[in-house]
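Novice: Please find the sequence and the predicted model below.
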Amino acid sequence: MRSCRRAGSALLALGLLASPPALAGPPAAGQDASEREKPKSSKDKADEVDTENLFGFTEGSDTGKKGEQEILSDTVIRFSKRRAESGPSGYAVANTKLSYQFDPLDTLSIELGLFGDLRRVRNITDLNDKSNVAFDGVSLEVKYQFVKASNNQPLGLAVEFRPRFARVLPVEGQGADIFDMESLIQLDLRLVPDRVWLGSNLSFEPTVARLRGSREGDRSSTLLWSNAVMTRVGQDTFIGPEVRYLRAYDGAFLNRFEGQAVFVGPALYQRFSDKAFLTLAYSTQVAGRNRDPEDAGRAFDLNHFERHAVRVKLGVEF
């Protein structure tokens, strides 16, 4: 009898050793222990960086994911032009766009914008003194991304069209009915994965305007080439230099060259969360030329362009 009890106890002990404790729980269907205990791999941080707003005045090629929406406040402040006479003078213009952007496709974004113009002009060559605030029209921006960058394919490429109806001439500040159509090629390149990005834009912007009151017509066009390099200096912080080259023309199709300018300055991009960001950029004219004989020999083109510019862009995604 004792031998039978001993045999039963031995069998019970073997059974307990062969069975896992009840607290451990059964493995999930189709999952072995190695898969359960394997740490979650870190996501490719380079693929998380949205280049659309990364580069300051330059625009990146990225679009949002299908169904994403965004509210943007985008202000460009332009200041400093050539003084007309001795005495106090000043030129400062703030043009602000409030916009709503949505992405019907992964490769397509559409943005609707409202503009406001705030300016103060005093004792500036060829400009009337002004101090006023005005509604400055509406815009539609349609962007299509042909190529999306990744670690395996570092080049991103997009095209954007920006038809806009404006009410204030950007330099003179006169009331007018203005239509322009900016077309951009947007390119960005990952120079160093997860660390350094290059952004480049080529833009052509014809403008047709009719002054209110006199009904005098005005046609002009602008050609822009801009480049920026941004480096990640923190998990959500990026800084870098930016260079822009602009050419002004009389006529809507680059008919007659009027002036050119080169701008250089720093840019900062800061993400506050997955849904909010801030872009800051400063740009100063370091070289330029105006075709007007009165400005011959002068180092800058301050007729068509300002001396300094600041951009502040704040966006919230949802």
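Specialist: In hand now; what should we look at?

Novice: so what does the helix or strand residue 230 falls within touch, helix or strand wise?
Specialist: Per DSSP states H and E, residue 230 falls inside strand 217-234. Packing partners of strand 217-234 (3 or more C-beta pairs under 8 Å, 6 or more residues apart in numbering; DSSP states H and E): strand 196-211, strand 237-250, strand 256-271. (Glycine included, C-beta is placed from N, CA and C.)

Novice: Quick one: the helices in this structure, in order.
Specialist: Per DSSP state H, the chain carries helices over the ranges 2-18, 33-37, 45-48.

Novice: for the first one, what is the average pLDDT?
Specialist: So that's helix 2-18. Mean pLDDT, computed over helix 2-18, is 41.

Novice: So which bits of stretch 73-90 are buried?
Specialist: Neighbour-count burial for stretch 73-90, counted by 16 or more other C-beta atoms under 10 Å, picks out 74-83, 89.

Novice: oh sorry, the question was meant for stretch 236-250
Specialist: 238-240, 242-244, 246-249.

Novice: now do stretch 127-142
Specialist: The neighbour-count check on stretch 127-142 (16+ other C-beta under 10 Å) flags 127, 130, 136-139, 141 as buried.

Novice: Relative to residue 92, how far out is the residue positioned nearest the centre of the chain?
Specialist: Nearest residue to the geometric centre of the chain (C-alpha atoms, centre = their mean): residue 53, 2.6 Å. Going from residue 53 to residue 92 by C-beta to C-beta, to the nearest Å gives 24 Å.

Novice: now, among the buried residues of stretch 236-250, which is nearest to residue 268?
Specialist: Nearest to residue 268, judged by C-beta to C-beta, of these is residue 239 at 5.3 Å.

Novice: could you list every residue that touches the closest one?
Specialist: Residues counted as contacts of residue 239 (C-beta atoms under 8 Å, 6 or more residues apart in numbering) are 230-231, 233, 266-269.

Novice: Same check on residue 224?
Specialist: 201-205, 244-247.

Novice: Need the pLDDT of residue 46.
Specialist: Residue 46 is assigned a predicted lDDT (pLDDT) of 48.

Novice: Count residues in the vicinity of the closest residue to residue 149 other than its chain neighbours, would you?
Specialist: Spatial nearest neighbour of residue 149, excluding adjacent residues (C-beta to C-beta, 6 or more residues apart in numbering): residue 156 at 3.7 Å. As a burial measure, residue 156 scores 24 neighbours (other C-beta atoms under 10 Å).

Novice: go on, residue 304?
Specialist: 21.

Novice: ditto for the one 10 residues further on
Specialist: Using other C-beta under 10 Å, the number of residues around residue 314 comes to 16.

Novice: ok, it touching residue 72?
Specialist: Yes. With contact defined as C-beta atoms under 8 Å, residue 314 counts as touching residue 72 (7.3 Å).

Novice: pLDDT below threshold where in the stretch 201-318 of the chain?
Specialist: Counting by pLDDT under 70, the stretch 201-318 of the chain shows no low-confidence range.

Novice: And the strands in the stretch 51-200 of the chain, which stretches?
Specialist: For the stretch 51-200 of the chain, the strands defined by DSSP state E, counting those that start in this stretch cover 69-79, 90-105, 108-122, 130-147, 155-168, 175-192, 196-211.

Novice: Kindly reformat the ones you listed as JSON lines containing distance to residue 222.
Specialist: Below are these laid out as JSON lines (distance: least, C-beta to C-beta, whole Å):
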{"stretch": "strand 69-79", "distance to residue 222": "14"}
{"stretch": "strand 90-105", "distance to residue 222": "15"}
{"stretch": "strand 108-122", "distance to residue 222": "17"}
{"stretch": "strand 130-147", "distance to residue 222": "16"}
{"stretch": "strand 155-168", "distance to residue 222": "12"}
{"stretch": "strand 175-192", "distance to residue 222": "8"}
{"stretch": "strand 196-211", "distance to residue 222": "5"}
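
Novice: wait, which of those strands is closest to residue 294?
Specialist: Of all the strands of the stretch 51-200 of the chain, strand 90-105 comes closest under C-beta to C-beta, at 18.1 Å.

Novice: average pLDDT for the closest one?
Specialist: Here the average pLDDT along strand 90-105 is 97.

Novice: Give me the sheet partners of it and which way each runs.
Specialist: If you go by DSSP bridges, strand 90-105 pairs up with strand 69-79 (antiparallel), strand 108-122 (antiparallel).

Novice: Now these in JSON lines, please, with extra columns for mean pLDDT and distance to residue 98.
Specialist: What follows is those, written out as JSON lines (pLDDT from 0 to 100; distance: least, C-beta to C-beta, whole Å):
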{"stretch": "strand 69-79", "mean pLDDT": "98", "distance to residue 98": "6"}
{"stretch": "strand 108-122", "mean pLDDT": "98", "distance to residue 98": "5"}
